[in-house]
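Q: What follows is a protein structure lacking sequence information:
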């Protein structure tokens, strides 16, 4: 246990897994080394129990756990006992979930049960040569008749861009360690602690007039919302987990006034910033992590709605869209919302609208907050009118409804601000909310729409 600032080292060993309380980049952590070289890293019962014991030690000391993983799965020669060892590890990691940060580094083949373990982590980093899958190429080929290799089935690029398993991909172990250090710099040791503050030399009242210049002249024009994030945060520095997955939604960790903050932002340069299944999953998971570890949330809204499509509906757009709404609705951390341009329909609701419980809702004068855009509304309400009349009706709709002042009159927006004042206003809101504490009813757990 840690006592008076001194870390007492405890080491635990299995056949090849080692776990110990130690220091990592100045932070107290438990490191679990599960990179196996014996029998391709197949997990013995003792190895599974060592992972579990290391996770239990991290939870006991209330410090983050870092797991270095490369394993071919349960040891076949050990039979069901090896499976039980993996189950013990998975159960203990689940007990840690939401209480201490769980970071995993995958540096080699990670197959079967150990691959499933990746889904229990808060952040997964894969090295470029690593791969992970539940069922290997041989089995896939036998069932589908399609030849496939390890990299194509579960390589780092696949998990970075397609599955969303990897939050980051590193060139090697050294770069992976640097990423872990960056991630932990934004996170507290445990759920009852505050995220660590950092010195700030970037003035919090710095004017951000250039923020407005990022928007194109056309309301349908594309731009990179990451340019806006750079303008708003301290020293233009942020990290972006899952940058290649669900690119229509940006998730990032940054600082404003030295205070760590999670950012969720629609990305207009990818499918116009609309929400689909992957974006909803990505946003829900990130909001949930921020809520677990006390990172205030800044949500930047510019979206025309949910992406339409038969395939999306058949695959469960309703359930996945509800995940995002659920994550925001149950979040108790400080939440600031800024609408820069479009906020329409169901996407307006799930992007942390006032009725979802945000604390401060801001908007630029350019914001359009409505059920839908003028063109779509006129096509539904006045489809029999001639084109000239439709143009007049569209302009009237825009003048009457597509501005933030109507929403402000109804209480959906707290303040309409000038783009040049954005950083100052966001910082002021976060400062005001820094002492926010919400008491929620005690219950075993909620029933998230998984």
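A: Yes, it's here. The shown structure was predicted, so the numbers you read here are calculated from the model rather than taken from an experiment.
Q: Please count neighbours and contacts with C-alpha atoms only from this point.
A: Fine.
Q: check contacts around residue 449.
A: 319-320, 322-323, 326 (Cα atoms under 8 Å, 6 or more residues apart in numbering).
Q: Could you check the pLDDT of residue 88?
A: Note on residue 88: pLDDT of 88.
Q: So it belongs to a helix, correct?
A: Yes. Residue 88 forms part of a helix when assessed by DSSP: H, G, I helix; E, B strand; the rest coil.
Q: Residue 50 is in contact with that one, correct?
A: No. Using Cα atoms under 8 Å, residue 88 makes no contact with residue 50, being 9.4 Å away.
Q: where's residue 264, which helix or strand?
A: Counting by DSSP states H and E, the element that carries residue 264 is strand 259-266.
Q: quick revisit: go through the contacts of residue 449 and say which is closest to residue 408.
A: Comparing these against residue 408 with Cα to Cα places residue 326 closest, at 24.4 Å.
Q: Surely that closest one and residue 448 touch.
A: Yes. If you go by Cα under 8 Å, residue 326 and residue 448 touch, sitting 6.9 Å apart.
Q: Give me the more crowded residue out of the two.
A: Neighbours per residue (other Cα atoms under 10 Å) separate residue 326 from residue 448, with residue 326 holding more: 20 against 12.
Q: higher neighbour count, residue 88 and residue 50?
A: Per other Cα under 10 Å, whichever of residue 88 and residue 50 has more neighbours is residue 50, with 28 against 19.
Q: Of the contacts of residue 449, which belong to helices?
A: Residues of the contacts of residue 449 located in helices (DSSP state H): 319-320, 322-323, 326.
Q: Out of the residues you listed, which comes closest to residue 130?
A: Among the ones in helices among the contacts of residue 449, and counting by Cα to Cα, the member closest to residue 130 is residue 320, at 28.9 Å.
Q: mind listing the strands for the stretch 201-350 of the chain?
A: Here the stretch 201-350 of the chain has its strands, by DSSP state E, counting those that start in this stretch, at 238-239, 249-256, 259-266, 297-303, 335-344.
Q: possible to save the ones in helices among the contacts of residue 449 as JSON lines with pLDDT and distance to residue 247?
A: Listed next are these as JSON lines, based on pLDDT from 0 to 100; distance: Cα to Cα, whole Å:
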{"residue": "319", "pLDDT": "93", "distance to residue 247": "20"}
{"residue": "320", "pLDDT": "93", "distance to residue 247": "16"}
{"residue": "322", "pLDDT": "93", "distance to residue 247": "19"}
{"residue": "323", "pLDDT": "94", "distance to residue 247": "18"}
{"residue": "326", "pLDDT": "95", "distance to residue 247": "21"}
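Q: need these in TSV with distance to residue 202, can you?
A: Output for those, formatted as TSV (distance: Cα to Cα, whole Å):
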residue	distance to residue 202
319	41
320	38
322	38
323	36
326	35
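Q: For the helix or strand residue 68 falls within, enumerate the helices and strands it packs against.
A: Residue 68 is located in strand 65-71, with elements delineated by DSSP H and E. Applying 3 or more Cα pairs under 8 Å, 6 or more residues apart in numbering; DSSP states H and E, one finds that strand 65-71 contacts strand 27-35, helix 45-61, strand 102-111.
Q: what angle separates the strand holding residue 264 from strand 297-303?
A: For strand 259-266 against strand 297-303, the angle by axes from the mean of the first three to the mean of the last three Cα atoms, to 10 degrees is 20 degrees.
Q: May I see the buried residues of strand 259-266?
A: By neighbour count with 16 or more other Cα atoms under 10 Å, strand 259-266 contains the buried residues 259-266.
Q: That one - contacts with which helices or strands?
A: The contact analysis (3+ Cα pairs under 8 Å, 6+ apart) places strand 259-266 against strand 249-256, helix 277-292, strand 297-303.
Q: Now that strand: average pLDDT?
A: For strand 259-266, the per-residue pLDDT averages 98.
Q: Which residues are in contact with residue 65?
A: Contacts for residue 65 (Cα under 8 Å, 6+ apart) come out as 29-32, 54-55, 58, 100-103.
Q: what about the nearest residue to it once chain neighbours are set aside, how many residues close to it?
A: What sits nearest to residue 65 in space, not counting adjacent residues and going by Cα to Cα, 6 or more residues apart in numbering, is residue 30, at 4.8 Å. Residues lying near residue 30 (other Cα under 10 Å) number 29.
Q: ok now whichever strand or helix holds residue 85, how far from the chain's centre?
A: Per DSSP H and E: residue 85 is located in helix 80-96. Here helix 80-96 is found 25 Å from its chain centre; the criterion is Cα atoms, centre = their mean, to the nearest Å.
Q: and it, what other elements does it pack with?
A: By 3+ Cα pairs under 8 Å, 6+ apart, helix 80-96 packs against strand 42-43, helix 45-61, strand 73-74, helix 113-117.
Q: what's downstream of the last one, the next helix or strand?
A: Put plainly, it is helix 113-117. Once helix 113-117 ends, the next helix or strand along the chain (criterion: DSSP H and E) is strand 123-127.
Q: and the chain, what are its domains?
A: Domain assignment for the chain by automatic domain parsing gives 2-186, 210-367+403-432.
Q: my read: residue 296 touches residue 337, true?
A: No. Look at residue 296 against residue 337 with Cα under 8 Å: they stay out of range, at 11.0 Å.
Q: quick one: contacts for the residue nearest the centre of the chain?
A: Per Cα atoms, centre = their mean, the C-alpha nearest to the average position across the chain is that of residue 286, at 2.5 Å. Contact analysis of residue 286 by Cα under 8 Å, 6+ apart lists residue 251.
Q: How about the contacts made by residue 114?
A: If a contact means Cα under 8 Å, 6+ apart, then residue 114 has 69, 71-73, 86 as its contacts.
Q: what's the answer for residue 332, then?
A: 291, 437-438.
Q: ok, now residue 317?
A: By Cα under 8 Å, 6+ apart, the neighbours of residue 317 are 276-277.
Q: what do you get if the cut-off is 10 Å, keeping everything else the same?
A: 275-278, 280, 306-311, 323 (Cα atoms under 10 Å, 6 or more residues apart in numbering).
Q: I'd like the distance between it and residue 309.
A: Noted for residue 317: a distance of 9 Å to residue 309, by Cα to Cα, to the nearest Å.
Q: Show me the common contact partners of these two, please.
A: In terms of Cα under 10 Å, 6+ apart, residue 317 and residue 309 are both contacted by the residues residue 276.
Q: Cool, thanks, talk later.
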